[in-house]
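Asks: Here's a sequence, model it:
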Amino acid sequence: MPTIVNPYLIFDGNCKEAMQFYKDCFGGELTVQTVAESPMASQMPPQLQQAVMHSQLISGSIVIMASDMNREKLNDGNGSQLCVQCSSEEEIKHFFNHLQQAGKITEPLEVMFWGGYYGSLIDKYGKYWLFNYEAPKQA
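Replies: Numbering: from 1, shown residues only. Next comes the predicted model:
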């Protein structure tokens, strides 16, 4: 198996909702384990029992993991962005149009100086996304 890096997103109590939204956008298989369903349930306070301990969305080569569990106060920011390299113009439009719902487009989809079809947005959960599609070069 090749070495890969995939995002592990942290949410503030709305992980399950966010991951279902991402499943609606990307398709694939979603698994969600709450604190109550985990071996740690008896060690956690009642108010955390429905929090997501771990979730994973797999759709082809897209793998997104996420949780509501964080040891520190959550501070979302623009220091990390999720870049999706798309395989077609249809795919980039599909993903972009779904993720922009209730979010904010920071750069609309358009052909850029490097020849790629590119756009960026902040989704309704405050996560920053970049999308790029580069058509295969003609020989």
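
Asks: use CA for all of it now, contacts and neighbours both
Replies: OK.

Asks: What are the boundaries of the strands in this protein?
Replies: Here the chain has its strands, by DSSP state E, at 8-10, 29-34, 52-59, 62-67, 82-85, 104-111, 117-122, 128-133.

Asks: Ok, which of these comes nearest residue 73?
Replies: strand 8-10 (10.6 Å; C-alpha to C-alpha).

Asks: Return the list of helices and strands in contact with the closest one.
Replies: strand 62-67 (3 or more C-alpha pairs under 8 Å, 6 or more residues apart in numbering; DSSP states H and E).

Asks: Neighbouring strands - and their directions - for the strand it packs on?
Replies: Its sheet considered, strand 62-67 pairs with strand 8-10 (parallel), strand 52-59 (antiparallel) by DSSP bridges.

Asks: Go ahead and name everything in contact with the shortest one.
Replies: Just to be clear, that refers to strand 8-10. Applying C-alpha atoms under 8 Å, 6 or more residues apart in numbering, the contact partners of strand 8-10 are 64-70, 74.

Asks: And the longest one, by the same measure?
Replies: Contacts with strand 52-59, where a contact means C-alpha under 8 Å, 6+ apart, come from 13, 15-16, 19, 23, 26-35, 38, 63-69.

Asks: picking up where we left off before, from the contacts of strand 8-10, which shows the smallest pLDDT?
Replies: Among these, residue 74 has the lowest pLDDT, at 75.

Asks: unless I'm mixing things up, it is touching residue 13, no?
Replies: No - in this structure, residue 74 is not within contact of residue 13 by C-alpha atoms under 8 Å, at 10.6 Å.
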